[in-house]
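A.B. asks: Test case, fold it:
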Amino acid sequence: MTPPGPGLAVGDAVDVEVTAFAHGGHGVARHEGQVLFVRHAVPGERVLARVTEVGSGARFVRADAVEVLVPSADRVEPPCPWAGPGACGGCDLQHVSLAGQRRLKAGVVREQMARLAGLEVDVEVEPVPGDADGLDWRTRVEFAVDADGRAGLRRFRSHEVVPVDHCRIAAPGVDRLRVTDRSWAGSDAVDAVAPTAGEPVVVEVPGADVPDVVERVEATWEVPDGTVRFARDFTVSARGFWQVHPGAASTFLAAALGPLDVRPGERALDLYCGVGLFAAALSEAVGPRGQVVAVEADRDAVERAERDLAPAGNVVVVAGRVDDVFGVPRAERRRGRSRPRRAARSPLLPPAADVVVLDPPRTGAGTAVVRAVAAMRPRAVAYVACDPAALARDTAAFAAAGYRLDALRAFDAFPMTHHVECVAHFVPDAG
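C.D. replies: Next comes the predicted model:
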């Protein structure tokens, strides 16, 4: 293919050295001044990269490593036959050893914290209980359905459906549903869910009523006064949010609440609370003399949290976006324009809190919410993050608001993919 101007064009193949690993799961290479983001490559390798997409202004291109000329010591044979150039886009790192994957992810966390927060952090990516080899762990899988009613998984950055036999990272309960062996004519997608308690379920999208599933959490952590043990079942919509790794919820709960050392009688905030995982544990920790205020925007999750947490008698669930509940401005797009929007601060939100837990979406909490949290002068903040770049930006915002990063842990809750979960703790900066 002849490029329309200088630089590489879609279809071109070039011999490149992969020098780094980028946030998003790509190897980084350069060719005659252009940056290539190369899937299916490992830093230190020399590969033949075929261009699949040219970015705006031709400043960068996306490519697939279609041939490995000099392999990395971390390269392995992918356990899934559907992983590779032009195939399923769900897994980014099946060609890398599990130990190598975790080193690459730790490097991304360090790089984002250095670049966006100005901090040098020493972090390792820890395994999460529930999978031994990075396979058979994903308890919630959404299968796409093609025009012929066949279920499969989508190609990378495409709506095209790859009709796989089964997903190698799916939990055994998901496999037992045999979604890819059945016809789903009339459906856009099929959700397969294998909860940690009870039988797996399958949900057609669009479909009729969505069933409930039960997720079980058992976590243990140490505090100065002894060992805390927390065990509870949560009822969640089969299409509602819950961690997809079977060991993730318990792991994150212990990692977040352990260092907080929540004390009886304290006031705690649980922001982006979902169905109330952290709020339930905080409720037990603060006891009848304490209070927990939980904030969530999703109406279904709010109703479940209100119902399940009401017997405790010390939890208030506030329905609404966290930024709106705090009364901080946010941009709202109307007719193609972005306009500032500011809601009144909720009267249910207290003026101060002793401890705060945040588990925001991938975009992070944002500077305005971070400032509002810091203004409540908590003695400690726990932040659960599914995107290291968003965490790094919010870490910088906490620093500007007088809070320093006190501890950081990272977890491999999504083996075979580039995703990594972090749990950070912030305390007031004495300086």
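A.B. asks: Spell out for me which residue occupies the centre of the chain.
C.D. replies: For the chain, Cys386 is the residue whose C-alpha lies nearest the centre (Cα atoms, centre = their mean; 3.2 Å).
A.B. asks: Contacts only, for that one.
C.D. replies: 361-362, 419, 421 (Cβ atoms under 8 Å, 6 or more residues apart in numbering). C-beta coordinates here come from the backbone N, C-alpha and C atoms, glycine included.
A.B. asks: go again using 7 Å as the cut-off
C.D. replies: 362, 419, 421 (Cβ atoms under 7 Å, 6 or more residues apart in numbering).
A.B. asks: can these go into TSV with extra columns for distance to Gly186 and secondary structure?
C.D. replies: Shown next, in TSV, are the contacts of Cys386 (distance: Cβ to Cβ, whole Å; DSSP: H, G, I helix; E, B strand; the rest coil):
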residue	distance to Gly186	secondary structure
Arg362	31	coil
His419	32	coil
Glu421	36	strand
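A.B. asks: Run a quick neighbour tally on the residue nearest to Gly7 when sequence neighbours are not counted.
C.D. replies: Closest residue in space to Gly7, ignoring its immediate chain neighbours: Ala58 at 4.4 Å, by Cβ to Cβ, 6 or more residues apart in numbering. As a burial measure, Ala58 scores 16 neighbours (other Cβ atoms under 10 Å).
A.B. asks: Please report how far Ala58 lies from Asp136.
C.D. replies: Shown here: Ala58 relative to Asp136, a distance of 42 Å by Cβ to Cβ, to the nearest Å.
A.B. asks: element containing Thr395?
C.D. replies: If you go by DSSP states H and E, Thr395 is part of helix 388-400.
A.B. asks: now Phe252
C.D. replies: Short version, using DSSP H and E: Phe252 is in helix 248-260.
A.B. asks: Now that helix - C-alpha only, CSV.
C.D. replies: Listed next in CSV are the C-alpha coordinates belonging to helix 248-260 (Å, rounded to 0.1, in the frame of the first residue of the first chain):
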residue,chain,number,x,y,z
ALA,A,248,-10.4,-9.6,44.1
ALA,A,249,-13.1,-8.3,46.4
SER,A,250,-11.7,-9.9,49.5
THR,A,251,-8.1,-8.9,48.5
PHE,A,252,-9.0,-5.3,47.9
LEU,A,253,-11.1,-5.1,51.1
ALA,A,254,-8.2,-6.3,53.3
ALA,A,255,-5.7,-4.1,51.4
ALA,A,256,-7.8,-1.0,51.8
LEU,A,257,-9.1,-1.3,55.3
GLY,A,258,-6.1,-2.9,57.0
PRO,A,259,-3.9,0.2,57.0
LEU,A,260,-6.8,2.5,57.8
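A.B. asks: what sits up against that helix?
C.D. replies: Outside helix 248-260, the residues within contact range by Cβ under 7 Å, 6+ apart are 128-129, 215, 217-223, 230, 243, 277-278, 281, 355, 357, 380, 382, 384, 407, 409, 411, 413, 421, 423, 425.
A.B. asks: same thing with stretch 415-422?
C.D. replies: Here stretch 415-422 makes contact (Cβ under 7 Å, 6+ apart) with 24-25, 91-94, 98, 101, 105, 108-109, 125, 131, 134, 137, 169, 252, 385-386, 388, 391, 408-413.
A.B. asks: Could you work out the end-to-end span of it for me?
C.D. replies: Using Cα to Cα, to the nearest Å, one end of stretch 415-422 lies 14 Å from the other.
A.B. asks: again, but for stretch 355-371
C.D. replies: End to end - Cα to Cα - stretch 355-371 spans 15 Å.
A.B. asks: Okay, buried residues for that stretch please.
C.D. replies: Within stretch 355-371, the residues that count as buried by 16 or more other Cβ atoms under 10 Å are 355-360, 364-371.
A.B. asks: Also stretch 62-70?
C.D. replies: In stretch 62-70, counting by 16+ other Cβ under 10 Å, buried: 62-66, 68.
A.B. asks: Which of these fall within strands?
C.D. replies: Among these, the residues falling in strands (DSSP state E) are 62-66, 68.
A.B. asks: Break down the stretch 101-250 of the chain into its helices, ranges please.
C.D. replies: Remark: helices assigned in the stretch 101-250 of the chain by DSSP state H, counting those that start in this stretch are 172-176, 248-260.
A.B. asks: what's the spacing between the last one and its chain's center?
C.D. replies: Centroid displacement of helix 248-260 relative to its chain, using Cα atoms, centre = their mean, to the nearest Å, is 15 Å.
A.B. asks: For Arg140, give me its contacts.
C.D. replies: By Cβ under 7 Å, 6+ apart, Arg140 lies in contact with 193, 244.
A.B. asks: try the one 5 residues further on
C.D. replies: Residues touching Val145, when contacts are defined by Cβ under 7 Å, 6+ apart, comprise 151, 184, 187-190.
A.B. asks: of the residues you listed, closest to Arg157?
C.D. replies: Closest approach between the contacts of Val145 and Arg157, by Cβ to Cβ: Ala189, at 17.6 Å.
A.B. asks: What does the pLDDT read for the spatially closest residue to that closest one that is not a sequence neighbour?
C.D. replies: Of all residues not flanking Ala189 in the chain, Val205 sits nearest, at 4.3 Å (Cβ to Cβ, 6+ apart). pLDDT, Val205: 93.
A.B. asks: Looking at the buried residues of stretch 355-371, which are in strands?
C.D. replies: Per DSSP E, the buried residues of stretch 355-371 map to strands at 355-358.
A.B. asks: quick one: the residue nearest to Gly7 from Gln34, how far?
C.D. replies: With distances taken as Cβ to Cβ, Ala58 is found 7 Å from Gln34.
A.B. asks: can you check Gly90 too?
C.D. replies: Distance of Gly90 to Gln34, given as Cβ to Cβ: 27 Å.
A.B. asks: Could you list the low-confidence segments of the stretch 301-431 of the chain?
C.D. replies: Within the stretch 301-431 of the chain, the segments meeting pLDDT under 70 span 331, 333-339.
A.B. asks: can you give me the strands in it?
C.D. replies: 315-319, 330-334, 337-341, 355-358, 380-385, 403-412, 421-428 (DSSP state E, counting those that start in this stretch).
A.B. asks: Minimum distance to Ala73: which of the ones you listed has it?
C.D. replies: strand 403-412 (19.6 Å).
A.B. asks: could you dump that closest one to CSV, C-alpha only?
C.D. replies: Output of strand 403-412 as CSV, limited to C-alpha atoms (Å, rounded to 0.1, in the frame of the first residue of the first chain):
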residue,chain,number,x,y,z
TYR,A,403,-2.1,14.8,51.5
ARG,A,404,0.9,12.5,50.8
LEU,A,405,1.0,9.0,49.4
ASP,A,406,1.8,6.8,52.4
ALA,A,407,1.6,3.3,50.8
LEU,A,408,0.9,1.7,47.5
ARG,A,409,0.2,-1.9,46.5
ALA,A,410,-0.6,-3.3,43.1
PHE,A,411,-2.5,-6.5,42.3
ASP,A,412,-2.8,-8.8,39.2
